[in-house]
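Engineer: sequence plus the predicted model coming up.
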Amino acid sequence: MTGRQWIAGKISIVWLAVVLTAAVAADQPKEPSIWSQFAPLEAHGFYEIRGGYRLQNDRYEKDMSVMESRFQLDLYTYNDWAEFKYKGDVYGDLTLEKGRYQTRETWISFQPTEFMDVKLGRQILTWGTGDMLFINDLFPKDWQSYFLGRQVEYLKAPSDAVKISIFSDLANLDVVYTPQFDSDSHIKGEYISYWNQSLGRTAGRDAIVHTDKPDRWFQDDEIALRLYKNINNYEYALYGYRGFWKSPAGMNSRGQALFPDLNVYGASVRGQVGKGIGNAEIGYYQSCDDESGRDPMIDNSEMRYLVGYTQEIAPDFTGGVQYYLEQMLGYDEYKKNSGSTRDEYRHVVTLRLTRLLMNQNLTLSFFGYYSPSDKDAYLRPHVHYKASDHLGFEVGSNIFFGDYRNTFFGQFRDNTHLYTAVRYSF
Amino acid sequence: MKTIQWVLLSTIILFTIATQAARAEEPLDKSDVPSVDEIVNKANLMAYYQGQDGKSSVSMKITDKSGNVRTRQFNILRKNDQLGGDQKYYVYFLQPPDVRRMVFMVHKHTALDKDDDRWLYLPSLDLVNRIAASDKRTSFVGSDFLYEDVSGRGLEEDTHELAEVTDEFFVVKNLPKDPASVEFKFFTVRIDRKTYLPVRMEFFDKADTLYRTIESLKVEPIKAKEGDKEAEYITTTESVVKDLKSGSMTEMTFSNVQYNIGISDDIFTERYLRRPPREAMR
């Protein structure tokens, strides 16, 4: 447990105590006390069992892809001037044979003036227009959970940040300040085998990725901005980010993975197009530690482009397509200096199909990424059945294809697995 | 050629309906019967546009043909942009647990060529999603109510015929102008002559078979302020929809109904999707 996690853990426990005390007190209306100002506590959560197995042998990982039982508690209350939230998971992870705890959210939200909202603490943050493709959303992602077949909410990892939102008729502004860099929960090799560039082969539990992560408070910080406006229900936004590559994008001489400096500038639009919803987004990734592109150990700058379209095909049946392009800048320098095999352009198309059946209690969904340039693909078929208002069953698969072992999705091809889960929500 | 057949067919249908309607009206004194347009307009305003804005807590009980029961609980905020025209809806879910704190927002457009704008906010992902909204005749939250039943069907979508007038009710028959866009051939609405509230709707399929009904079970007067004056809005607080084909039904109960509470336009923006207002949570 790092010092940071320890602090976060302590804060969460204190917070939990505050929220619980407030709520218990609010439930027993005797004499007016400071606690009587709180609305009755809303306590919810779920208990879940999830298991998954690889469909082929992976010499670097166990056969079980995920095997866990998880309990989530979600507490919420508010008073006249603020809202209070706690959400945390305890889970037994049989893959690593460990008991684990994660605070998903611990925040307070308030409105200092009519035109300003503030949310302070551990929180989930999302913006941008892509569907499972992110250009200007530089909040941390938990790729491990996503690839392992946990429910999609776990793709978003929490940020320890303050979000200040300012609203005006001219435009609205969101400012998110993260005092200490929050990286993605990237692939490390403990659950998922991956392409290890320095070994020149696929690796997994035999070569856990070690990182040199920027972690100085108020120095290795992140700031993300969004300026946005809705004009006739077309949503326009401009974005800016100053921080670090969220997943490893470089290597130092000691073989540690690095999170080099990164600035991102972007824009997006979303709105009705024909019978459906169209979106477009663009971003310039300025890799500040290697702007020229000469350093083979640090990722080059990039341009990223995305267009998407979603439409209802039939009642309770929707389809969505996206085209995404990553363009490496300074490619000639990269080729000259690294001799590596990355293409200048990485093209990706995605397809989403969602069909609701049996009074919307049965959901059949498919999401697939296909890259014609990398010659790889990642498919996510998923079936969810709500047996009752409280009980849900899931079956799904994460399927990776690839002609090469070192492409983005191709490196995971030995991780293709089938999973199932049952969740009781209360 | 198709057009001619179509015109011919429509003429025959309209003629048949008109003669039947005329026959039904015969015994009544026509002088106190308003025009059909006036009737459907008044009924539409009573069902969907009362007050400048409104709020209520809704609970739904969905019972399938095997008797399995599902429940939904949500709070609705509504605001009129224009009386009889565009509206905004904000729906905050309370139950079941897996949809709790989700928000569904609609900017309803009554113009024929303009689709509604719909958003869904998923709090566990902090995700504001736009929903492709071309079909309004799909199930609302898995119940037997359709989106259109909840937010109203544009009067311009149908032609209206006064099919029957009784001592208590007007019965209006509605024929879709674009039959390919809907699953019914026509539907009838029974409207209370005193209150102008729709009390029963019957939907008929292409074979003229009744397959779906919506019935008002309870009507209550709700007190509210209208400017400086006290007003009373007659409101349907309990209704049931039955799907005679699938054998399922949904009961919908409104409680905590309030009108003219001064809901700001800002509520129906991204700001309050991400941070539900107190009005919606309580």
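Structural biologist: Yep, it's here. Since this is a predicted model, take the numbers as computed values, not measurements.
Engineer: okay, now the unreliable bits of chain B?
Structural biologist: B:1-31, B:133 (pLDDT under 70).
Engineer: tell me which element residue B:118 is part of?
Structural biologist: Using DSSP states H and E, residue B:118 sits within strand B:117-122.
Engineer: and that strand, which strands flank it?
Structural biologist: In its sheet, strand B:117-122 lies beside strand B:103-108 (antiparallel), strand B:127-131 (antiparallel), with partners assigned from DSSP bridges.
Engineer: buried stuff in that strand?
Structural biologist: B:117-119, B:121-122 (16 or more other CB atoms under 10 Å in any protein chain shown). Quick note: C-beta positions are derived from backbone N, CA and C, even for glycine.
Engineer: contacts for that strand, please.
Structural biologist: Residues outside strand B:117-122 that contact it (CB atoms under 8 Å, 6 or more residues apart in numbering or on different chains) are A:153, A:233, A:272, B:102-107, B:109, B:127-131, B:133, B:270, B:273-274.
Engineer: distance from the chain centre to that strand, please.
Structural biologist: Centroid separation for strand B:117-122 versus its chain: 19 Å, with CA atoms, centre = their mean, to the nearest Å.
Engineer: and for stretch B:164-184?
Structural biologist: 14 Å.
Engineer: how about the contacts made by residue A:389?
Structural biologist: Counting by CB under 8 Å, 6+ apart, residue A:389 has contacts B:70-71, B:95-97.
Engineer: so it is in which element?
Structural biologist: Going by DSSP H and E, residue A:389 is not in any helix or strand.
Engineer: same thing with the one 10 residues further on?
Structural biologist: Counting by DSSP H and E, the secondary-structure element that holds residue A:399 is strand A:391-402.
Engineer: show me the contact partners of that strand.
Structural biologist: Counting by CB under 8 Å, 6+ apart, A:55, A:65, A:147-149, A:151, A:374-387, A:409-413, A:415-425, B:98 sit against strand A:391-402.
Engineer: of the residues you listed, buried ones?
Structural biologist: A:55, A:65, A:147-149, A:151, A:374, A:376-382, A:384, A:386, A:409-413, A:415-421, A:423, A:425, B:98.
Engineer: and stretch B:59-72, anywhere near chain A?
Structural biologist: Yes - for stretch B:59-72, a contact with chain A is found by CB under 8 Å from any CB of the partner chain, at B:62, B:64, B:68, B:70-71.
Engineer: what about residue 34, how many residues close to it?
Structural biologist: Answering for chain A, as no chain was given. By other CB atoms under 10 Å in any protein chain shown, 9 other residues sit near residue A:34.
Engineer: right idea, wrong chain: chain B
Structural biologist: The burial count for residue B:34: 13, using other CB under 10 Å.
Engineer: mind listing what it touches?
Structural biologist: By CB under 8 Å, 6+ apart, the contact set of residue B:34 is residue B:42.
Engineer: which element is it on?
Structural biologist: With DSSP H and E as criterion, residue B:34 is part of no helix or strand.
Engineer: go on, the one 4 residues further on?
Structural biologist: Following DSSP H and E, one finds residue B:38 within helix B:36-48.
Engineer: hang on, residue A:105 packs against residue A:83?
Structural biologist: No - with contact defined as CB atoms under 8 Å, residue A:105 does not reach residue A:83; the gap is 11.4 Å.
Engineer: if I look at those two, which residues touch both of them?
Structural biologist: Contacts common to residue A:105 and residue A:83, judged by CB under 8 Å, 6+ apart, are absent.
Engineer: who in the stretch 101-250 of chain B is up against chain A?
Structural biologist: Counting by CB under 8 Å from any CB, the stretch 101-250 of chain B sits next to chain A at B:101, B:107, B:115, B:117, B:122, B:124-128, B:130-135, B:137-139, B:141-143, B:248.
Engineer: buried among those? Make that a ChimeraX selection.
Structural biologist: Typed into ChimeraX, the line below selects the buried ones among these, using 16+ other CB under 10 Å:
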select /B:101,107,115,117,122,124,125,126,127,128,130,131,132,133,134,135,138,139,141,142,143,248
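Engineer: which residues of the stretch 201-350 of chain A fall in strands?
Structural biologist: Assigned by DSSP state E, counting those that start in this stretch, the strands in the stretch 201-350 of chain A fall at A:201-203, A:211-212, A:222-231, A:234-244, A:250-251, A:257-258, A:261-273, A:276-287, A:302-314, A:317-328, A:345-357.
Engineer: strand partners (parallel or antiparallel) of the first one?
Structural biologist: Looking at strand A:201-203 with DSSP bridges, its paired strands and their directions are strand A:194-196 (antiparallel).
Engineer: what does the strand it pairs with contact?
Structural biologist: Under the contact criterion CB under 8 Å, 6+ apart, strand A:194-196 has outside partners A:187, A:189, A:201-204, A:207, A:209, A:405-407, A:410-412.
Engineer: if we go to 7 Å?
Structural biologist: A:187, A:202-203, A:207, A:405-406, A:411-412 (CB atoms under 7 Å, 6 or more residues apart in numbering or on different chains).
Engineer: quick one: low-confidence parts of the stretch 301-426 of chain A?
Structural biologist: Ranges of the stretch 301-426 of chain A meeting pLDDT under 70: A:340.
Engineer: and it, which residues reach chain B?
Structural biologist: Within the stretch 301-426 of chain A, the residues that sit near chain B (CB under 7 Å from any CB of the partner chain) are A:310-312, A:315-316, A:318, A:359-361, A:389-390, A:392, A:425-426.
Engineer: of all these, which two lie farthest apart?
Structural biologist: Longest distance between any two of those is 36.0 Å, between A:311 and A:426; criterion CB to CB.
Engineer: of the two, who's got more company?
Structural biologist: More neighbours surround residue A:311 than the other of residue A:311 and residue A:426, with 17 against 12 (other CB under 10 Å).
Engineer: grab the nearest non-local neighbour of the more buried one.
Structural biologist: residue A:276 (3.1 Å; CB to CB, 6 or more residues apart in numbering or on different chains).
Engineer: residues contacting that neighbour?
Structural biologist: Residue A:276 touches A:309-311, B:132, counting by CB under 7 Å, 6+ apart.
Engineer: dump these to TSV, plus distance to residue A:98.
Structural biologist: Output for the contacts of residue A:276, formatted as TSV (distance: CB to CB, whole Å):
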residue	distance to residue A:98
A:309	43
A:310	39
A:311	44
B:132	43
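Engineer: which of those residues lies at the shortest distance from residue B:38?
Structural biologist: residue B:132 (35.8 Å).
Engineer: buried stuff in the strand holding residue A:399?
Structural biologist: Buried residues in strand A:391-402 (16+ other CB under 10 Å): A:392, A:394, A:396-400, A:402.
Engineer: closest to chain B among those?
Structural biologist: Nearest to chain B out of these is residue A:392 (CB to the nearest CB; 6.7 Å).
Engineer: beta partners for the closest one?
Structural biologist: Beta-bridge partners, per DSSP bridges, of residue A:392: residue A:386, residue A:423.
Engineer: any idea how far residue A:47 is from it?
Structural biologist: Distance, residue A:392 to residue A:47, by CB to CB, to the nearest Å: 11 Å.
Engineer: now do the helix or strand that contains residue A:103: which elements does it pack against?
Structural biologist: Under the criterion of DSSP H and E, residue A:103 resides in strand A:98-113. For strand A:98-113, the elements it packs on are helix A:3-27, strand A:82-93, strand A:116-123, judged by 3 or more CB pairs under 7 Å, 6 or more residues apart in numbering or on different chains; DSSP states H and E.
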